[in-house]
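Novice: Sequence and predicted model, in that order:
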Amino acid sequence: MKNTIKLIYLYTLICFPRILSACATCYGAADAPATQGLNMAILVLLAFIGIILSLIILTIFSFYKRSKAYHLSLLTKIENGE
């Protein structure tokens, strides 16, 4: 089964070499508008990912702080006999 998959992969790469071609960002002219547009699109997507991951981390940290404060308030109520 593994040999069959390897043969299919090899056949695909030999018969369709354009699959191995890089995008315009990798091989395009640096001053071309399409290349600059792709570069900006990559940066925007990275920024969105960074913002979303930061918000997830801040939410987890906020939950941690709230949980810690809640447990401390429960401990003080137990110690005070309430």
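Specialist: Thanks, I have it. Numbering: from 1, shown residues only.
Novice: Under the pLDDT cut-off, which ranges of the protein? List them.
Specialist: Scanning the chain with the threshold set as pLDDT under 70 gives 20, 22-28, 82.
Novice: switch the cut-off to 90
Specialist: Within the chain, the segments meeting pLDDT under 90 span 1-3, 5-39, 74-82.
Novice: quick check: longest helix of it.
Specialist: Ranked by residue count under DSSP state H, the longest helix found in the chain is helix 33-80.
Novice: Which secondary structure elements does that helix sit against?
Specialist: Judged by 3 or more CB pairs under 8 Å, 6 or more residues apart in numbering; DSSP states H and E, the packing partners of helix 33-80 are helix 24-27. Quick note: C-beta positions are derived from backbone N, CA and C, even for glycine.
Novice: So for the chain, the centremost residue is which one?
Specialist: residue 49 (5.6 Å; CA atoms, centre = their mean).
Novice: The longest helix of the chain: how far from the chain's middle?
Specialist: 14 Å (CA atoms, centre = their mean, to the nearest Å).
Novice: wait, residue 13 sits on residue 19?
Specialist: Yes: under the criterion of CB atoms under 8 Å, residue 13 makes contact with residue 19 at 6.7 Å.
Novice: which of those two has more neighbours?
Specialist: Shown here are residue 13 and residue 19; by other CB atoms under 10 Å, residue 13 has more neighbours (11 against 8).
Novice: So what's the residue count around residue 36?
Specialist: For residue 36, using other CB under 10 Å, the count is 15.
Novice: that older thread, between residue 13 and residue 19, what contacts are shared?
Specialist: Residues touching both residue 13 and residue 19 (CB atoms under 8 Å, 6 or more residues apart in numbering): none.
Novice: mind checking how far residue 6 is from residue 17?
Specialist: 18 Å (CB to CB, to the nearest Å).
Novice: does residue 9 belong to a helix or a strand, and which?
Specialist: helix 2-15 (DSSP states H and E).
Novice: and that helix, what does it pack onto?
Specialist: Secondary elements touching helix 2-15 (3+ CB pairs under 8 Å, 6+ apart): none.
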